[in-house]
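# all I have is the shape, not the residue letters:
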């Protein structure tokens, strides 16, 4: 609607209708033009402040109320809204200063609540508690605010009781009659979220999901205009913006918590879906928690974007407390140790604030590994072994901290291909870790790499794989609504391939065939349920087996197996599968060029046809995944399977003398 389309005499009614319908952006457009004509219009400024507040644009709301205070200092409400807008903008010192302007006895309780919220935002929890204790205990906000403070103290069960008590008193009704009022938790709708958060912190995920599901279902029912789930379904929808209505539903917080729960339960696809299910917003509209979670959940697929988002968040105030530690851990994971060291040095104030002593020491050890690996290995292993022996309480929690330290130590020798030393390190920890899947998996890997311990490797690989045979679910929570149907394909393709190779190398071919039949059956089911989804497990297993035969010199059988494994090409050709395939072809070409082997003409023809198929289907498939922070990128035309398959075909023609 343009300004010229508003008829004379209907201006006020039109603006109020826009506000009533929640069309705050349109109302702001109309009111801004009016305010330019009458810069001191109380009505225009008041409505603008109201609209900006509902759009969560607290900085603009602050400007409006600041002008209103100057024009009408006698109006107490404007002083309150000004302070609340500053609080919403996270300008805590300015907001606290603004609360001192409230001198009307009727505003005293609201002032105390707002001051407590400001102290809470500044993480001055003792000051916040002192202020909350000044409230009457029958005030509905008392239990809510005390619950928040108890949560910050780590008293999750007591906090949960406070939120439950408040829920019984208030139900789902708004906590306050005026839209501008904000406390530590400004709407009672957030009580379900707070209760869910408490259960999450107590690792009671089924209970947490129960409350989160209530929020989501209520949001879908009451606000279909928020387009929940549309993005996951692939429907192109416009941004719903950061409105107060969206804030009141607690949907964003609920979906973020659901994603965290699914992530903890290792349901990674469900975690990603939780993020895409939330009401759609443009990237610049995303809150810090959502941006952080997006970076984390998509790190495997889009590491460059993930690093950019986490680094960006560190420049914002506030940012999720775990951002700093996660960025450093990811730098170490991707072996950007220099970057991790630089970030720690440049942000020393964050190091002491956001890293636990344990995490700091772990990161410090990871960085020291680059210059003095043996020193770190011995010191850390000795200390952590002693800690484990002495600690009975919180054993599982300590074990979860110990495993990454152990793996970091083992990696020092793994990188040097000193597998006997890696095995020795694992043997020292067998007393504590033999029931931990990560430990068992890495023991299997190191036994497999030694090539003369395939039987022992089977003993560690088999239990990990076979517990998926009968659809045994990892999640031990009974009646947990998050449980998807588990699958043997949840096990890494590399693990399956290593187990199959181990079977073959120990003459247990029947077991290898049985494992491959199970994979084939589950892949067929996925192809039926999700025709467009690519599944690579059986393909990679066949590729690895083909590679094994090629390594033994049996290229006729090995190359044929590699070729067959990539059919159909539209489903099986990808960056990983091409990596295995081209290694075999390069090895074959090298041996042919040295006249060490002779291939039958039919096999050579198969190879040429295979490369031609890869040329057709590999146009959009990257040949290699480049490092996420690599500055010198490959030419986009060269980093494709098509380009590399043409190169290999040209080499074939040269080796067989086709051009002669």
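Yes, it's here. These numbers come from a predicted model, not from an experiment.
# so where's the chain uncertain?
In the prediction, the chain carries residues with pLDDT under 70 at positions 1-9, 171-188, 370-396, 470-486, 630-631, 659-660.
# can you list the domain ranges for it.
Here the domain assignment for the chain is 1-103, 565-660, based on automatic domain parsing.
# okay, those in TSV with mean neighbour count next?
Glycine gets a C-beta too; all of them are placed from N, C-alpha and C. Conversion of these to TSV gives the following (neighbours: other CB atoms under 10 Å):
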stretch	mean neighbour count
domain 1-103	17
domain 565-660	16
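# the helices in the stretch 301-450 of the chain, which residues?
Counting by DSSP state H, counting those that start in this stretch, the segments of the stretch 301-450 of the chain that form helices are 303-314, 322-333, 337-346, 348-354, 357-368, 373-390, 395-414, 419-428, 430-433, 437-449.
# a markdown table for the domains of the chain, including distance to residue 415?
Formatted as a markdown table, the entries for the domains of the chain read as follows, by distance: least, CB to CB, whole Å:
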| stretch | distance to residue 415 |
| --- | --- |
| domain 1-103 | 44 |
| domain 565-660 | 17 |
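# closest one to residue 512 among those domains?
Counting by CB to CB, residue 512 lies closest to domain 565-660 out of those; the figure is 14.3 Å.
# circling back: would you convert the helices of the stretch 301-450 of the chain into JSON lines that also reports distance to residue 510 and mean neighbour count?
Conversion of these to JSON lines gives the following (distance: least, CB to CB, whole Å; neighbours: other CB atoms under 10 Å):
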{"stretch": "helix 303-314", "distance to residue 510": "41", "mean neighbour count": "18"}
{"stretch": "helix 322-333", "distance to residue 510": "39", "mean neighbour count": "20"}
{"stretch": "helix 337-346", "distance to residue 510": "46", "mean neighbour count": "16"}
{"stretch": "helix 348-354", "distance to residue 510": "54", "mean neighbour count": "14"}
{"stretch": "helix 357-368", "distance to residue 510": "44", "mean neighbour count": "17"}
{"stretch": "helix 373-390", "distance to residue 510": "41", "mean neighbour count": "14"}
{"stretch": "helix 395-414", "distance to residue 510": "32", "mean neighbour count": "18"}
{"stretch": "helix 419-428", "distance to residue 510": "29", "mean neighbour count": "16"}
{"stretch": "helix 430-433", "distance to residue 510": "31", "mean neighbour count": "15"}
{"stretch": "helix 437-449", "distance to residue 510": "20", "mean neighbour count": "20"}
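# nearest to residue 559, of those helices?
Ranking the helices of the stretch 301-450 of the chain by distance to residue 559, with CB to CB as the measure, places helix 437-449 first at 23.4 Å.
# between helix 419-428 and whatever helix or strand comes next after the closest one, find me the angle.
Downstream of helix 437-449, the first helix or strand assigned by DSSP states H and E is helix 454-466. With axes from the mean of the first three to the mean of the last three CA atoms, to 10 degrees applied, the angle from helix 454-466 to helix 419-428 works out at 60 degrees.
# contact partners of helix 454-466?
437, 440-441, 443-445, 447-448, 488, 491, 495-496, 498-499, 501-503, 505-506, 508, 515 (CB atoms under 8 Å, 6 or more residues apart in numbering).
# let's see it at 10 Å
The set of residues that contact helix 454-466 without belonging to it, under CB atoms under 10 Å, 6 or more residues apart in numbering, is 423, 434, 437, 439-451, 453, 472, 488, 491-492, 495-496, 498-506, 508, 511, 515, 518.
# what is the burial count for residue 509?
11 (other CB atoms under 10 Å).
# show me the contacts for it.
Under the criterion of CB under 10 Å, 6+ apart, the contact list for residue 509 reads 500, 503.
# now it: how far from residue 464?
As judged by CB to CB, to the nearest Å, residue 509 and residue 464 stand 21 Å apart.
# residue 233 now?
According to CB to CB, residue 233 and residue 464 sit 34 Å apart.
# which one's more surrounded, the two?
When neighbours are counted by other CB under 10 Å, residue 464 comes out ahead of the other of residue 233 and residue 464, with 17 against 10.
# what's the closest non-adjacent residue to residue 583?
Closest residue in space to residue 583, ignoring its immediate chain neighbours: residue 547 at 6.7 Å, by CB to CB, 6 or more residues apart in numbering.
# sec struct for that neighbour, please.
Using DSSP: H, G, I helix; E, B strand; the rest coil, the secondary structure recorded for residue 547 is helix.
# what's the distance between it and residue 558?
When CB to CB is applied, the distance between residue 547 and residue 558 equals 7 Å.
# quick check: neighbours shared by those two?
Each of 584, 587 lies in contact with both residue 547 and residue 558 under the rule CB under 10 Å, 6+ apart.
# got the phi and psi for the residue nearest the centre of the chain?
Residue closest to the average C-alpha location in the chain (CA atoms, centre = their mean): residue 297, at 2.5 Å. According to degrees, to the nearest 10, the main-chain angles of residue 297 amount to phi -70, psi -30.
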